[in-house]
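# model the structure of this input:
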Amino acid sequence: MPLRITDTTLRDAHQSLWATRMRTCDILNIIDTIDNAGYYSLEVWGGATFDVCLRFLRENPWERLRLIKKGAKKTPLQMLLRGQNILGYRNYPDDVLDRFIALACENGIDIFRIFDALNDTRNLEHAIKCVKQHGGHAQGTICYTISPVHTVKKYVQVAKEQVQMGIDSLCIKDMAGILSPISAEKLISALMSEVNIPIQLHCHATSGMASATYVEGIRAGAGAIDCAISPMAGFSSQPPVETMLAIFEETPYHANLDIDALRKICKYFTDIAPSRQLSHHPTNIIDPEILIHHIPGGMISNLRNQLQQQNALDKLDEVLAELPRVRADMGYPPLVTPTSQIVGVQAVMNVIAGERYAMIPQETKDYVQGLYGRSPAPMDPEIKKKILGKEKAITCRPADLMEPLLPKATKDIDPKLINNEEDIISYCLFPEQALEYFKWRLLPSEQRPPSPADQEREKIGQEKVASSSPHPEKQFMGSKDYKELHALIDKVNELHINEIIIKRDDVSLSLKSTKPAGKSSTAPQTKQQVQTETQVAEQQPPAPEAPKPEAPSGGPTIDAPLHGTFYISSGPGKPPFVKPGDMVKAGDPVCIVEAMKLFNQIKAASNCQIVRILVEHGKPVQKGQPMLEIKL
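Purely as a prediction, here's the structure:
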């Protein structure tokens, strides 16, 4: 039977290699050719693409989907759905999940690959039911990982539970690229003997095993695989489709794809890649360390990006060493969104703080409390106690504790900001980012500031120009030269020299005195001279200055523990944590710093009074920047 191939170029591939920076226009310029290539399906939506459209690209993710569907008239469109997490980093109530799936179907999604980061099938059941109700193809998922508790027997049980829920097919999701060919053969053989359902393999190429794993998996019974076009393949993305076609060319599994179309797609992405890759795009082809830290493909590029934003890219090796320790503490969760973010960010904070669990994001606390589902293994009791304190963990399905969200969200949002029901769903999933996008969208096009992605691209361009400047040894002046120059200027003033010329190689520097020769630059000025010079200075138009954060008056402050975005309340329409004049106790929350997509609640270290709030809500802060002025 011919092999079915899902193309991931327009979703997982650029999420893995470009930190999800592909624009809608990039997709529309090539979608017709991709549609005619003969793929089984196109993965075009879900994962981080929704968040990044709003947060960085200033694009409407729903409009992207509609435009892709308009251009892809032949090939089914597919998305990655995080079960009860939908597309966010926490669980959402059932009413939001219901409407999201209904609108996704209406706007063009045919196949829903539904997964839960913990393989907790309680978090999958409602999503599977909704997809089936709306006529979609519900593909269940096993999130593959390696740990003392993840066995073939355990995976078969997870698959059986999903089959009972009504899935149409099953995906083995190897998000870190750690599924070996031998393990794939054993797992798929066991699944084929226990469940009668089509099986698809999704592997990342990070460890170098993915192509071989696909070969063994297909021989064992898998009928479909995920690939990307070659410029968007390899490393933390999927294997290249061209390679897999060549491997199976003279076998019964050969997929009948249009080679000419693939060549056109290949050239297109080769041409646009330089303008979309981030400046720290990895040059590695294989990362054997993945077999230790188990970071999924999309998280690797985002982790590098986030560490760079924290000016801590040099600590990447320390973070990768800390990750397995944090994962063990938390009961060996598979590292896929959102648990990859939770474990990854906690590891980053442990390293940056220099102390384990000194900073604990709200999402870490929620995970330990059971609000994401059951951990695969019991958590470290000491760590659990340190994080939860006296609070107790839950044992039920997390969504069972949630009130419907849509009525409140519809009431809270300004109707002038929204165009349709899809906007309300975007607001439910990412309230701060959606509001910022909606307000940006309302502005006339000529008044819209550059998107964060455009600003990021400009910064990368500036860095490239700076990096192309002469080497220090070839520069005209270094720091030592400047010290010597200051000493020389003092001597010139002392000797009343009118002009001096300094030459080095083919560069000449001329220093001229602005005062007549023979007059000391340190001569005292008369009162009239001072007044006249001051008046002249006042008449000059002031140079424009960039807005600066409000400066503290010298008293104690609460400073940002890391780079991120400052929030004085927990969400739109929510009351502020504190106001000037408030008395707070040690341990009381005073603000939030959002960093690396997680919210870090900042608490008072001691009893104090809030004097001033120094940063505007929703504005960026730098590590160490004073955010609140306090009185002890």
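# please enumerate the helices of the stretch 301-450 of the chain.
Taking DSSP state H, counting those that start in this stretch, the helices of the stretch 301-450 of the chain run over residues 316-329, 339-353, 362-369, 381-388, 406-412, 421-429, 431-442.
# and the fourth one, what's buried?
Spelled out, that is helix 381-388. For helix 381-388, the neighbour count (16 or more other C-beta atoms under 10 Å) marks 383-384, 387-388 as buried. Every C-beta, even on glycine, is put in place using the N, C-alpha and C of the backbone.
# then the first one?
With burial defined by 16+ other C-beta under 10 Å, the residues of helix 316-329 counted as buried are 316, 319-320, 322-324, 326-329.
# for it, the distance to its chain's centre please.
Between the centre of helix 316-329 and the centre of its host chain there is 18 Å, according to C-alpha atoms, centre = their mean, to the nearest Å.
# report all helices and strands that that helix contacts.
helix 290-293, helix 297-309, helix 339-353 (3 or more C-beta pairs under 8 Å, 6 or more residues apart in numbering; DSSP states H and E).
# other residues contacting that helix?
Identification of contacts with helix 316-329 by C-beta atoms under 8 Å, 6 or more residues apart in numbering yields 289, 292-295, 303-304, 307, 333, 335, 343-344, 346-348, 350-351, 379-380, 383.
# list buried residues within those residues.
Buried, going by 16+ other C-beta under 10 Å: 293-295, 303-304, 307, 333, 335, 343-344, 346-348, 350-351, 379-380, 383, out of the contacts of helix 316-329.
# go ahead and confirm residue 64 touches residue 50.
No - between residue 64 and residue 50 there is no contact under C-beta atoms under 8 Å: 9.0 Å.
# can you name the next helix or strand after the lowest-mean-pLDDT helix or strand in the chain?
Ranked by mean pLDDT, DSSP states H and E, the helix or strand of the chain with the weakest confidence is helix 527-539, at a mean of 33. Following helix 527-539 in sequence order, the next helix or strand is strand 557-559 (DSSP states H and E).
# I'd like the next helix or strand past that next one.
Where DSSP H and E defines the elements, the next helix or strand beyond strand 557-559 is strand 564-567.
# kindly format the C-alpha coordinates of that next one as PDB.
What follows is strand 564-567, C-alpha atoms only, in PDB (Å, rounded to 0.1, in the frame of the first residue of the first chain):
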ATOM      1  CA  GLY A 564       9.900  39.900  30.400                       C
ATOM      2  CA  THR A 565       6.600  41.800  30.400                       C
ATOM      3  CA  PHE A 566       5.300  43.600  33.500                       C
ATOM      4  CA  TYR A 567       1.700  43.200  34.600                       C
END
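# use 31 as the first number for this chain going forward.
From this message on, residue numbering opens at 31, which makes the last subject strand 594-597.
# packing partners of that strand?
For strand 594-597, the elements it packs on are strand 619-625, strand 650-651, judged by 3+ C-beta pairs under 8 Å, 6+ apart.
# need the winner for burial among those strands.
Per residue and on average, the most neighbours among those fall to strand 619-625, with a mean of 21 (mean count of other C-beta atoms under 10 Å).
# can you name every helix or strand that that strand contacts?
strand 594-597, strand 628-633, strand 656-661.
# export those strands as a markdown table, with columns for mean pLDDT and mean neighbour count.
What follows is the helices and strands packed on strand 619-625, written out as a markdown table (pLDDT from 0 to 100; neighbours: other C-beta atoms under 10 Å):
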| stretch | mean pLDDT | mean neighbour count |
| --- | --- | --- |
| strand 594-597 | 92 | 22 |
| strand 628-633 | 87 | 20 |
| strand 656-661 | 95 | 21 |
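# can you put those strands in CSV and add distance to residue 649?
Output for the helices and strands packed on strand 619-625, formatted as CSV (distance: least, C-beta to C-beta, whole Å):
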stretch, distance to residue 649
strand 594-597, 6
strand 628-633, 15
strand 656-661, 10
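# show me the contacts for residue 401.
Residues in contact with residue 401, defined by C-beta under 8 Å, 6+ apart, are 120-121, 424, 428.
# ok so, going back, closest one to residue 227 out of the buried residues of helix 346-359, please.
The closest of those to residue 227 turns out to be residue 357 (C-beta to C-beta; 29.8 Å).
# now render the helices and strands packed on strand 594-597 as a markdown table, adding distance to residue 595 and mean pLDDT.
Below are those laid out as a markdown table (distance: least, C-beta to C-beta, whole Å; pLDDT from 0 to 100):
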| stretch | distance to residue 595 | mean pLDDT |
| --- | --- | --- |
| strand 619-625 | 4 | 92 |
| strand 650-651 | 6 | 92 |
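# could you dump those strands into CSV with distance to residue 140 added?
Output for these, formatted as CSV (distance: least, C-beta to C-beta, whole Å):
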stretch, distance to residue 140
strand 619-625, 34
strand 650-651, 39
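# so for residue 475, which of the ones you listed sits nearest?
strand 650-651 (24.3 Å).
# hang on, residue 231 in a helix?
No - per DSSP: H, G, I helix; E, B strand; the rest coil, residue 231 lies outside any helix segment and is strand.
# state the pLDDT value of residue 467.
We have a pLDDT of 98 for residue 467.
# now do residue 340
pLDDT recorded at residue 340 is 81.
# so what does the nearest residue to it once chain neighbours are set aside have for phi and psi?
Computed as C-beta to C-beta, 6 or more residues apart in numbering, the closest residue to residue 340 that is not its neighbour in sequence is residue 593, at 5.1 Å. Main-chain torsions, residue 593, degrees, to the nearest 10: phi -70, psi 140.
# how about residue 72?
With angles defined as degrees, to the nearest 10, residue 72 sits at phi -120, psi 120.
# ramachandran coordinates for residue 419?
phi 60, psi -120.
# circling back to that earlier point, count of neighbours near the residue nearest to residue 340?
By the criterion of other C-beta atoms under 10 Å, residue 593 has 21 neighbours.
# show me the contacts for it.
If you count contacts by C-beta under 8 Å, 6+ apart, then residue 593 has 339-341, 625, 650-653 around it.
# again with residue 243
Applying C-beta under 8 Å, 6+ apart, the residues near residue 243 are 204, 209-211, 214, 231, 233.
# same thing but at 6 Å, please
By C-beta atoms under 6 Å, 6 or more residues apart in numbering, residue 243 lies in contact with 209, 211, 214, 233.
# all strands of the stretch 131-280 of the chain, in order?
Under the criterion DSSP state E, counting those that start in this stretch, the stretch 131-280 of the chain contains strands at 141-144, 167-173, 199-204, 229-233, 254-257.
# deepest of the ones you listed, which one?
Using mean count of other C-beta under 10 Å, strand 254-257 ranks as the most buried of the strands of the stretch 131-280 of the chain, with a mean of 28.
# partner strands of that one, with direction?
Using DSSP bridges, the strands paired with strand 254-257 are strand 34-37 (parallel), strand 229-233 (parallel).
# which residues are contacting the last one?
Residues external to strand 229-233 that are found in contact with it (C-beta under 6 Å, 6+ apart): 200-204, 207, 209, 240, 243-244, 247, 252, 254-256.
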